[in-house]
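> Sequence first, predicted model second:
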Amino acid sequence: MTATTSEEAAGSKRDHVEISSSKENADEEAPLAKKASTSKEDGVVPSIVMVTGGSGLVGKAIENFVNEKPRDNESWVYLSSKDGDLRDRKSTEAIFERVKPTHVIHLAAKVGGLFANMSQKVEFYRENVLINDNVMECSRIYKVKKLVSFLSTCIFPDKTTYPIDETML
């Protein structure tokens, strides 16, 4: 497992961890985000914000925004599919146990584009239901203070000419 904090990467006050894994080190314990101090004189409890789907379009946008506006007492963990299988309950529990998030921004989903969605409707539905159920249930079990779930889908008009633009939807 490897990890970098944003202080190491960008010299900011905000903590940022990207956890990556490979088969060679799959049995190693994953590092935690460099935690904000719990002994602050202001009594503010540090937050650990876990972003599922952190390597996707919205996850990277959040990461860029977070890194532009550092805040004390926050650690951010950006997960990708390499960090565990959110379709699997035990894998999801292991992630929550390792990261111990206080907040979750849930962006992860099985995605594949219009034609994959059309040809594998049941598979997409089932896998996304499993992912969402595991993240929501683990958020409840691990007493996450706030869960924000952001999901999207492919939507295209049935009868149109291509290429299309937003005025044709």
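Right, received. Where do you want to start?

> what ranges do the helices span in the chain?
6-10, 57-68, 89-99, 114-119, 121-141 (DSSP state H).

> Pick the most buried one from those helices.
helix 89-99 (a mean of 17; mean count of other Cβ atoms under 10 Å). Quick note: C-beta positions are derived from backbone N, CA and C, even for glycine.

> on that earlier part again, mean pLDDT added to the helices of the chain, as TSV?
Output for those, formatted as TSV (pLDDT from 0 to 100):
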stretch	mean pLDDT
helix 6-10	36
helix 57-68	95
helix 89-99	98
helix 114-119	82
helix 121-141	96
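
> Output those helices in a markdown table, with distance to Val51 appended to each entry.
As requested, these are exported to a markdown table (distance: least, Cβ to Cβ, whole Å):
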| stretch | distance to Val51 |
| --- | --- |
| helix 6-10 | 13 |
| helix 57-68 | 5 |
| helix 89-99 | 10 |
| helix 114-119 | 24 |
| helix 121-141 | 11 |
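
> and Thr161, which of these is closest to it?
Of all the helices of the chain, helix 114-119 sits nearest to Thr161, with 15.7 Å by Cβ to Cβ.

> how about the closest one as CSV, C-alpha atoms only?
Presented in CSV, the C-alpha positions along helix 114-119 are these (Å, rounded to 0.1, in the frame of the first residue of the first chain):
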residue,chain,number,x,y,z
LEU,A,114,-24.7,4.0,-23.1
PHE,A,115,-24.2,0.8,-25.0
ALA,A,116,-22.9,-1.2,-22.0
ASN,A,117,-25.9,0.1,-20.0
MET,A,118,-28.3,-1.0,-22.8
SER,A,119,-26.7,-4.5,-23.2
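
> The helices of the chain: which one's closest to Lys82?
helix 89-99 (11.5 Å).

> tell me, what residue is most central in the protein?
Central residue of the chain (Cα atoms, centre = their mean): Thr52, 1.3 Å from the mean position.

> Indicate which one of the helices of the chain is closest to Ser80.
Across the helices of the chain, Ser80 has its closest neighbour in helix 57-68 (8.2 Å, Cβ to Cβ).

> how distant is stretch 99-106 from the center of its chain?
The chain centroid and the centroid of stretch 99-106 are separated by 8 Å under Cα atoms, centre = their mean, to the nearest Å.

> My error: substitute stretch 98-114 in the last question.
Relative to its chain's centre, stretch 98-114 lies at 4 Å (Cα atoms, centre = their mean).

> Thank you, goodbye.
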